[in-house]
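Peer 1: Generate a structure from the sequence data that follows.
(one chain, ligands or ions: 1)
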Amino acid sequence: MTSPVPAIVILGNGSLATARTIQQVYPGALIHGLAERVDGADRVYHEFGATLRELYQQGSPIIALCAAGIVIRTLAPLLLEKGAEPPVLVVAEDGSAVVPLLGGLGGVNVMAREIATHLHVAPAITTSGELRFGTCLLKPPSGYTLGDLELGKRFVSDLLAGETVRIEGEAPWLAQAQLPEDAQARLAVHVGHAERLPAPNELLIYPRSVLVAVSADIAELSSTIREALHRAGIAVQSLACLLAPDTAMANPALRDAALELGVPLRFAHADAGAGELARNAVEQPVSIEGDDSLAIVVAQEPLDPLQIGRPRGRLAVIGLGPGAAELMVPAVKAELARANDVLGYETYVRMAGPFRADQVLHCTDNREEMQRARHAFELAAQGRSVVVVSSGDPGVFAMAAAVLEALHESTDVHWHNVELEILPGVSASLATAAQAGAPLGHDFCVLSLSDNLKPWSIIEKRLDLAAQADLALAFYNPISRSRPWQLGQALEIVARHRAGQTPVVLGRDIGRPGQTLRVTTLAALTPDQVDMRTMVLVGSSTTSVFARAEGGEWVYTPRWYGAKP
Ligand code: SAH
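Peer 2: You can find the predicted model right below:
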C-alpha cells in the first residue's frame, strides 16, 4: 500500500531550493508557499498556522522548512486530541538538519532517513528503540499489524532495559535488525494469524494474510464475520480485505461492514457465491473454509488488497468555489487528492491543480457537458476514482445536473453501481454577495440569462414575474459574444417593476486574480459594463447602500419586509 504523499511547507524563497531537493524524494509532494513571500510554489497559502493544522488534521505527512519551535507551538493545541498522528518533520532551510518531531508510528524516522540521505546529512533520530535495534518494533512493515500499542511500548522498554528476545513465526524484516536474540528469552516477538490472548511478555504482530469472501445478503455482516473468524481461531487483525460479488457493489451493508472492520472492500465476478470468490482470490492458499455465503481464505503471505478483484468506482462532482483556494471546502480538497481522473473544462481543471504525475487529466471544451458526464461514468465503472470539476457550486448551472441526467438515461448497471457524490462549493452569487455585504439577505431569485438550453421567452417570463414579486435577482451567464442583446432586454423588463435607484452589484472574477467589485444602480447599468465573467446582483425595493469607512459601499437587503418589526 502507498503511504500518503507529504506536504512540503515553506515560509520564504530561501527554502525553495531545499524544498525542491526534498521533492525529488517524494514525487507528487506539493510545495506550499506563503503568499507574497514565495514565488513559484505549487500551492499558495495565506496563514501558516491554519494551513499546518489543516494538513495535520487531514493526516497529511508534513515536512516544514522552518524552526522546530514554530511547528511545535503551531501544532501543540492539536496534540492533546487523540487520533492518527501523521509524520511531522522540520528541515533547516539550507538542508543542514533533518529533525523528526511527531508520528513515530507513522514512519517519521523512515522519512527522516530518506530525506537526510538525499541531503547528505545525518538525521536527528532520537527514538531509543530505533537507535538501539535499527528498526521500530512498534511499526511493522506494510502487510503486518501490531496487536496492542500500549503493551508494545512496555515490551520495547523492557528490551531497552536489557532483556533478550525470541522471535516466533515469520518476521523477515527483523533479520537485519540488531535485536538481542536468545532462544531462552522471556520476551517473544510472535508473528502469526491465529487468535492469541495478549500477554505482557509477547509482542503480537499479525500478518494481514486473511481474506473473507461474503455474499451480500448476510444479516449483521460485521459481527457475523467476527464470529466466523473467531470460530476458525483466526485473529480479526489478520483480515486484509473483504471480497464480495460485483453484483452487490451498491449494497450499503457491505460498505458499512468494511468500514467497521477497517479493511478495504473489493469486488469480483461470481456465479456461485462466496465459496467461488474465495477459491479464485488467492493462489496456493494455506486453507479455505466456509460456504457460499461466507468463506475464509488464509494466504501464505500478507495479501495486497489492491491486487484482489477491483474496488467500487467513485464519481464525485465537485465545486471549486469562485477560485481562491481558501474558499474551496476541505471535502473538495480531499476528493481532489484521492482522484485518479479529473474531468472538466480546461480552465477549471487548471484551477483545481496542481496534480500529481499519476493523476490523469481529461480537459474538454465547455460545451461538451453530456459527453463529459458519460466519460466520467465509463472511467468510474472501471473502479477508478473520478472527479468532475465545476467552478462555484456544481449544482448551479454546472455539471451535477448533467451527470445525474446521464445516469438517469443509462441502463448500464455498472454506471448505477458507481458511488456517486456531489460536493458543494461557494457559488459565484454568494461569493459576490459576501464581498458587497448582504444584497441577498432576503428572498432572492437566481437566473441564468443564457438561452442556449432554454427559450428566451421563458427567461423573459421568469424575469418579469421575479421582478414583479420584488425578489432580489442574481444573474449568471449575463452576456457573451454570441448573446449580445439579451442582457439589455432583461434589464428593460426589470426596470418596468423597479426604481432606477435600485442598487446593482457587479462582481467580476471574484476570488480570482484581478477581481473587481462595483456598486451601481439599475438606471446607470449598461450591458457594456458586464461580460461573461461577471455576476450581476440586482437589489429589491428594500436593498440599501451606505458608505464603508475604508471607502466604497456596503450593500444589504434587510431580513424584514413591509413595516420594520
Ligand atoms: N457553477 C458556477 C456557475 C457557472 S455559470 C457557480 O456556482 O458559480 C457561469 C457564470 O457564473 C459566469 O457567466 C458568471 O456569471 C458567473 N461566475 C462564475 N464564476 C465567477 C466569478 N469568479 N466571478 C464572477 N462571476 C462568476
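
Peer 1: from here on, contacts and neighbour counts on C-alpha atoms
Peer 2: OK.

Peer 1: buried stuff in the lowest-mean-pLDDT helix or strand in the chain?
Peer 2: Ranked by mean pLDDT, DSSP states H and E, the weakest helix or strand in the chain is helix 128-133, scoring a mean of 78. For helix 128-133, burial by neighbour count (16 or more other Cα atoms under 10 Å) applies to 129-130, 133.

Peer 1: Low-confidence ranges, the stretch 101-250 of the chain, go.
Peer 2: The model of the stretch 101-250 of the chain has no residue with pLDDT under 70.

Peer 1: Now do the strands in it.
Peer 2: Ranges of strands within the stretch 101-250 of the chain are 144-146, 165-168, 187-191, 202-207, 210-214, 239-245, based on DSSP state E, counting those that start in this stretch.

Peer 1: residue contacts, the residue in the stretch 201-350 of the chain that the ligand sits nearest to?
Peer 2: Nearest residue of the stretch 201-350 of the chain to the ligand, counting by Cα to the nearest ligand atom: P322, 4.2 Å away. With contact taken as Cα atoms under 8 Å, 6 or more residues apart in numbering, P322 is in contact with 391-392, 426-428, 431, 509-512.

Peer 1: switch the cut-off to 6 Å
Peer 2: Residues in contact with P322 (Cα atoms under 6 Å, 6 or more residues apart in numbering) are 392, 428, 511.

Peer 1: ok, back up a step: looking at the strands of the stretch 101-250 of the chain, which is buried most?
Peer 2: strand 210-214 (a mean of 28; mean count of other Cα atoms under 10 Å).

Peer 1: so what secondary structure elements neighbour that one?
Peer 2: strand 239-245, helix 274-281, strand 294-298 (3 or more Cα pairs under 6 Å, 6 or more residues apart in numbering; DSSP states H and E).

Peer 1: Given it, what are its sheet partners and their directions?
Peer 2: When sheet partners are counted by DSSP bridges, strand 210-214 sits next to strand 239-245 (parallel), strand 294-298 (antiparallel).

Peer 1: ok, then the element right after the first one?
Peer 2: Once strand 239-245 ends, the next helix or strand along the chain (criterion: DSSP states H and E) is helix 252-261.

Peer 1: Looking at the contacts of P322, which are in helices?
Peer 2: A428 (DSSP state H).

Peer 1: quick one: which of the contacts of P322 is most hemmed in?
Peer 2: Scoring the contacts of P322 on neighbours with other Cα atoms under 10 Å, the highest-scoring entry is A428 at 28 neighbours.

Peer 1: do you know how far that residue is from the ligand?
Peer 2: Going from A428 to the ligand by Cα to the nearest ligand atom, to the nearest Å gives 4 Å.

Peer 1: any idea how far that residue lies from L487?
Peer 2: Distance, A428 to L487, by Cα to Cα, to the nearest Å: 18 Å.

Peer 1: next one: I205
Peer 2: Taking Cα to Cα as the measure, I205 and L487 are separated by 70 Å.

Peer 1: Repeat that for L303.
Peer 2: 62 Å.

Peer 1: The spatially most central residue of the chain: helix or strand, and which one exactly?
Peer 2: Nearest to the mean C-alpha position of the chain, counting by Cα atoms, centre = their mean, stands A334 at 1.3 Å. Using DSSP H and E, A334 sits in helix 330-338.

Peer 1: Whichever helix or strand comes after that helix near the ligand at all?
Peer 2: Remark: after helix 330-338, the chain's next helix or strand is strand 341-345, criterion DSSP H and E. No: using Cα under 6 Å from any ligand atom, strand 341-345 stays clear of the ligand, coming no nearer than 11.4 Å.

Peer 1: near the ligand at all, the next helix or strand after strand 341-345?
Peer 2: Scanning forward in sequence from strand 341-345 by DSSP H and E, the next helix or strand is helix 346-352. No: judged by Cα under 6 Å from any ligand atom, helix 346-352 stays clear of the ligand, getting no closer than 10.1 Å.

Peer 1: Quickly note the distance from the residue nearest to the centre of the chain to V536.
Peer 2: From A334 to V536 the distance is 32 Å (Cα to Cα).

Peer 1: thinking again about what came up before, and the angle for the helix holding A334 with strand 341-345?
Peer 2: Relative orientation of helix 330-338 versus strand 341-345 (axes from the mean of the first three to the mean of the last three Cα atoms, to 10 degrees): 120 degrees.

Peer 1: Enumerate the positions of helix 330-338 that are buried.
Peer 2: Within helix 330-338, the residues that count as buried by 16+ other Cα under 10 Å are 332, 335-337.

Peer 1: quick one: secondary structure of E283?
Peer 2: coil (DSSP: H, G, I helix; E, B strand; the rest coil).

Peer 1: Chain neighbours aside, what residue packs nearest to it?
Peer 2: Leaving aside its sequence neighbours, E283 sits nearest to A299 (Cα to Cα, 6 or more residues apart in numbering; 7.9 Å).

Peer 1: what's near enough to touch the one you found?
Peer 2: Applying Cα under 6 Å, 6+ apart, the residues near A299 are 209, 285-286.

Peer 1: Write the ChimeraX selection for whichever of these are buried.
Peer 2: Selecting only the buried entries of those in ChimeraX, with 16+ other Cα under 10 Å as the criterion:
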select :209,285
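
Peer 1: neighbours of G562, just the number please.
Peer 2: For G562, the tally of surrounding residues (other Cα under 10 Å) stands at 6.

Peer 1: contacting residues around stretch 374-382?
Peer 2: Applying Cα under 6 Å, 6+ apart, the external contacts of stretch 374-382 come out as 313-315, 386, 414-415.

Peer 1: With stretch 269-287 instead?
Peer 2: Against stretch 269-287 from outside (Cα under 6 Å, 6+ apart): 213-215, 245-246, 291-295, 297-300.

Peer 1: can you put the residues you listed in TSV and add distance to G441?
Peer 2: TSV is the format used below for those (distance: Cα to Cα, whole Å):
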residue	distance to G441
A213	54
V214	53
S215	52
P245	51
D246	49
D291	62
D292	60
S293	57
L294	57
A295	59
V297	61
V298	62
A299	62
Q300	65
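
Peer 1: What residues does the stretch 301-450 of the chain have near the ligand?
Peer 2: Contact residues, the stretch 301-450 of the chain versus the ligand (Cα under 6 Å from any ligand atom): 322, 390-394, 396-398, 427-428.

Peer 1: Identify the residues contacting the closest residue to Q237 other than its chain neighbours.
Peer 2: Spatially, and ignoring its direct neighbours in sequence, Q237 is nearest to Y206 (6.3 Å; Cα to Cα, 6+ apart). With contacts defined as Cα under 6 Å, 6+ apart, Y206 is in contact with 144-145, 191-193, 238.

Peer 1: try 8 Å
Peer 2: The contact partners of Y206, taken as Cα under 8 Å, 6+ apart, are 144-147, 191-193, 235, 237-238.

Peer 1: Residue numbers of this protein in contact with the ligand?
Peer 2: Residues of the chain lying near the ligand (Cα under 6 Å from any ligand atom): 322, 390-394, 396-398, 427-428, 476-478, 507-511, 532-535.

Peer 1: Among those, which are located in strands?
Peer 2: Counted as lying in strands by DSSP state E, out of the residues of the chain next to the ligand, are 390, 476, 507-508, 534-535.
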